[in-house]
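> Mind looking at a prediction? Sequence and model below.
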Amino acid sequence: MNPEHSHRRLPPPPDKSRGRSPQPPERAGSPDRRSSHAVARGRPTVDDLQPYIDAMVNSVSERVGPQSALTISIKVLGAEIKVEGTPMTATQMVPTQLVSSPGPPQAAAGAAQPTPPQSNLRSKQEDIDSIKHCLLNSPELPITHSFFLSHVQREAGDVSMLFSLLLHAEAEMPCWHDQSASTINLKTMVHGIAQAAVFIVTLTKSYFESRYCVFELRAARYLKKRIVMVHETDERQAGYAPFGDFWRNAPPDLADLCDIITSRPIRRKGYEQEALVQDIIREVRPQLNQAENAKKPLQILGKEVTEVLRKLGETAACYVDLGSGQTMVYLLAIADDLSLDYHLVWEHKECFLDMPDQAREQVRPIAVAKFASIVGRLQELETPPENLFQVCVGATATYRVAAESGAEGKARVDTVESWFRAVIADAKVIAENRVTFETLVPRDEAMFEWLAVKTACTEVFGFPCDAVIAGGSGSVQISMENEFMSGTSNLKAAAAHVEQHGAASYKASLMPMVRETFGKIGERLQLTPRSEDRPLRLVLISSFYYAAVACKVVQKGDFPRYREVAEFLQPARALVDGFGQPESTAKAKDVANLSRLLSMIDIVTSGDFNNVEVLIVREWTVRHKEYKATWTTGKFLHDARLKVLRSRKMSAGQESE
């Protein structure tokens, strides 16, 4: 395994100059550099490395304390030196270990120079495929390190190790460094990058010739990591080259970083290193704060709101999601650590609206037992059963359409409502007056989904999304801040249309509804400023996740990440356009679902896909716990906050009296 590694990306600070910075004049008392040429030739001695030991000890001594145990290891061009002791004694210590290699043989004068080896770099697509493979079945990789340090070991090992110590001390969170990793392979490197807050490139002359460094940098960009760059400026060091030469061998997909990211010059004097580290820390403080917060449980409602709910004795609720294709029953409760606990009470893969009375009655004993189990689950959570403040039966699109279709349809919906009320009463889980049956209006369904997804995105990525696009069996929604729209779209009927008339015919029939329903949101999103550093961010959820699975853009178990919308559009359009061809294996349902999604993306982007990213996700893991970004979660957030607001108003009224 080639030991070259590490870390992430940043916007350029305004006051840094690009390119190589001039080396400052030596100060009196600075380390003696008389043997630096020996280091550059690859034959370091103990005297050569001693200045680096001194600088390292001086830089960390104030942080770790004068009596703390200290081990320093420096590797330069095949030589390793290790010093053990305390900051008080380390500078006077004799190295405990020194292993030297003789360095490369020198060519005789006038001898023909060997032909440079061919590049061993892999293509961008080969690396991206490897990165995807490394992330499979990794639904959440929480931030555990402050920085990932990417460098060529033989050219920047000493600087990288020093950065690791200084950044660890300043950020109060360890760095991912290849020399401290127990196992080094492609998977551990990708996971290390994913679990680091910031990726640091130590740019030296061989950086872009290293297959592993290029792989790491591609992984950092793929994972949308903040990238910081530093470069060698000391002509006496093995990794030095004029700044422009660093980029001569950069692959085309990475060469643009030269203009996007401002590189900082590497310094080796103690006070300059201190200033460099503090400058980097200041710039990436938001990412480090997010990493620190990620260690804590997700207090979904906040401590203050949760405390009010606890005083009210109302910390749990049950939601019945009456969908067009299945029925889901969830119990949501606030746990002791203020996080949200989910429990799937019951999953029934039928629509109760279409079930004959006899079939419903056959299911009834199972339903009663499932609702009765809620009491036991609350006891497991050490939550008093009386803290269950409501059971909300929420009827979505198919029920809404039936209720609005006339007396017969409304009677069918009323029958389902009566059945659920009777089941819940038999389960003896909650008082009858705390059971509600709501036919969700489109705006509310979209609003609740927005609340749930916005909360998850903020916690997982550190920033909210711009819009959520959701699809179900009977409707489609687009939601954003203060705009919530839903349109009727029966997926079963859409699949039949595609089967009979083709995808183009179905999309043409769909577009009038999409324009009328979502045109206003599209116009508003067009006013959202876009740039490479701040793209338009769309989240695709619900059945649209399965649409992306159908065209193989995502796989179940994939690591959730934002991706350029083109990465989704190309295979999605290919699947839709190829439907009906002899070689096509696409299902009409998937083609109909993708047609719905493509139409909605066209509307919200007005066909301009530059600087647009999509997050395609179904199952969420937020801070090590399951999180369902559905209308049920959003409604729990809404209902809980409403209860607190009413409680405060009542308290204020009593005080005024």
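Alright, I've got the coordinates.
> so what's Val198 bridging to?
Val198 has these beta-bridge partners by DSSP bridges: Phe147, Arg226.
> Begin at 20, not 1, for the rest of this chat.
Let's use 20 as the start, then, which means that last one is Val217.
> quick one: it from Phe578, how far?
As judged by C-beta to C-beta, to the nearest Å, Val217 and Phe578 stand 18 Å apart. Heads up, the C-betas are built off the backbone N, CA and C, glycines and all.
> Could you do Met192 as well?
According to C-beta to C-beta, Met192 stands 21 Å off from Phe578.
> Kindly report the same for Glu291.
38 Å.
> of those two, who's got more company?
More crowded of Glu291 and Phe578, by other C-beta atoms under 10 Å: Phe578, with 20 against 15.
> helix, strand or coil for the more buried one?
Of the three states, Phe578 takes coil under DSSP: H, G, I helix; E, B strand; the rest coil.
> nearest residue to it other than its sequence neighbours?
In space, and not counting its chain neighbours, Phe578 is closest to Leu154: 3.8 Å by C-beta to C-beta, 6 or more residues apart in numbering.
> One more: Ser282?
Met248 (4.2 Å).
> What helices and strands are in contact with whichever helix or strand Asn308 is part of?
In this assignment (DSSP states H and E), Asn308 forms part of helix 304-312. Applying 3 or more C-beta pairs under 8 Å, 6 or more residues apart in numbering; DSSP states H and E, one finds that helix 304-312 contacts strand 164-169, strand 215-222.
> what's the closest non-adjacent residue to Leu616?
Distances taken as C-beta to C-beta, 6+ apart put Phe563 closest to Leu616, at 5.0 Å, once the chain neighbours are dropped.
> Restricting to C-alpha, output stretch 175-186 in CSV.
What follows is stretch 175-186, C-alpha atoms only, in CSV (Å, rounded to 0.1, in the frame of the first residue of the first chain):
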residue,chain,number,x,y,z
ALA,A,175,5.6,16.5,3.1
GLY,A,176,5.6,13.9,5.8
ASP,A,177,7.2,16.2,8.4
VAL,A,178,4.9,19.1,7.7
SER,A,179,1.9,16.9,7.6
MET,A,180,2.7,15.3,11.0
LEU,A,181,3.3,18.8,12.5
PHE,A,182,0.0,20.1,11.1
SER,A,183,-1.7,17.0,12.6
LEU,A,184,-0.4,17.9,16.0
LEU,A,185,-1.1,21.6,15.8
LEU,A,186,-4.6,21.3,14.2
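> quick one: that stretch to chain centroid distance?
27 Å (C-alpha atoms, centre = their mean, to the nearest Å).
> what's near enough to touch the closest residue to Glu457 other than its chain neighbours?
What sits nearest to Glu457 in space, not counting adjacent residues and going by C-beta to C-beta, 6+ apart, is Gly413, at 5.4 Å. By C-beta atoms under 8 Å, 6 or more residues apart in numbering, the contact list for Gly413 reads 338-341, 457, 459, 650-651, 654.
> Sheet partners, orientation included, of the helix or strand harbouring Gly413?
Using DSSP H and E, Gly413 maps to strand 407-414. Paired neighbours of strand 407-414 in the sheet (DSSP bridges): strand 335-341 (parallel), strand 454-458 (parallel).
> ok so, going back, just checking, the residue nearest to Ser282 is part of a strand?
Yes - counting by three-state DSSP, Met248 is located in a strand.
> roughly how far apart are it and Leu276?
Taken as C-beta to C-beta, the span from Met248 to Leu276 is 7 Å.
> State whether Ala489 is indeed within a strand.
Yes - Ala489 sits within a strand when classified using three-state DSSP.
> That one and Trp469: what is the separation?
9 Å.
> what secondary structure does Ala513 sit in?
Relying on three-state DSSP, one would call Ala513 helix.
> Now do the contacts for the nearest residue to it once chain neighbours are set aside.
Leaving out its chain neighbours, the residue that sits closest to Ala513 by C-beta to C-beta, 6+ apart is Ala611, at 3.7 Å. By C-beta under 8 Å, 6+ apart, the contact list for Ala611 reads 510, 513-514, 516-517, 522, 525.
> So which of the residues you listed sit within helices?
Members of the contacts of Ala611 lying in helices (criterion: DSSP state H): 510, 513-514, 516-517, 522, 525.
> Return the closest of those with respect to Glu366.
Leu510 (19.1 Å; C-beta to C-beta).
> So what's the residue count around that closest one?
For Leu510, the neighbour count with other C-beta under 10 Å is 20.
> Kindly report the same for Asn630.
Neighbours of Asn630 (other C-beta under 10 Å): 17.
> surely it meets Leu557?
No - the criterion here is C-beta atoms under 8 Å, and Asn630 misses it with Leu557 at 11.7 Å.
> Nearest residue to Val178 in space, please, no chain neighbours.
Nearest non-adjacent residue to Val178, counting by C-beta to C-beta, 6+ apart: Ile285, 5.7 Å away.
> Contacts only, for that neighbour.
175, 178, 221, 249-253, 295.
> Generate JSON lines for these, with distance to Val641 and pLDDT as supplementary columns.
Formatted as JSON lines, the contacts of Ile285 follow (distance: C-beta to C-beta, whole Å; pLDDT from 0 to 100):
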{"residue": "Ala175", "distance to Val641": "36", "pLDDT": "89"}
{"residue": "Val178", "distance to Val641": "36", "pLDDT": "83"}
{"residue": "Thr221", "distance to Val641": "33", "pLDDT": "94"}
{"residue": "Val249", "distance to Val641": "33", "pLDDT": "94"}
{"residue": "His250", "distance to Val641": "37", "pLDDT": "93"}
{"residue": "Glu251", "distance to Val641": "40", "pLDDT": "92"}
{"residue": "Thr252", "distance to Val641": "43", "pLDDT": "91"}
{"residue": "Asp253", "distance to Val641": "45", "pLDDT": "90"}
{"residue": "Leu295", "distance to Val641": "35", "pLDDT": "89"}
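> now the stretch 370-519 of the chain, which segments are flagged as low pLDDT?
Applying pLDDT under 70 to the stretch 370-519 of the chain picks out no residues at all.
> all helices of it, in order?
Along the stretch 370-519 of the chain, counting by DSSP state H, counting those that start in this stretch, helices occupy 376-399, 416-423, 426-446, 461-480, 510-520.
> Of those, which is nearest Ser550?
Comparing the helices of the stretch 370-519 of the chain by C-beta to C-beta, helix 461-480 comes nearest, at 17.1 Å.
> tell me which residues in the closest one are buried?
Neighbour counts over helix 461-480 (16 or more other C-beta atoms under 10 Å) mark 461, 463-476, 478-480 as buried.
> angle of it against strand 335-341?
Put simply, helix 461-480 runs at 120 degrees to strand 335-341, going by axes from the mean of the first three to the mean of the last three C-alpha atoms, to 10 degrees.
> packing partners for helix 461-480?
By 3+ C-beta pairs under 8 Å, 6+ apart, helix 461-480 packs against helix 416-423, strand 486-490, strand 494-499, strand 502-507, strand 555-561, strand 639-641, helix 650-675.
> switch to 6 Å and redo it
Packing partners of helix 461-480 (3 or more C-beta pairs under 6 Å, 6 or more residues apart in numbering; DSSP states H and E): strand 486-490, strand 494-499, strand 502-507, strand 639-641, helix 650-675.
> got the ones you listed as CSV, with mean neighbour count columns?
Below are the helices and strands packed on helix 461-480 laid out as CSV (neighbours: other C-beta atoms under 10 Å):
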stretch, mean neighbour count
strand 486-490, 25
strand 494-499, 27
strand 502-507, 20
strand 639-641, 20
helix 650-675, 16
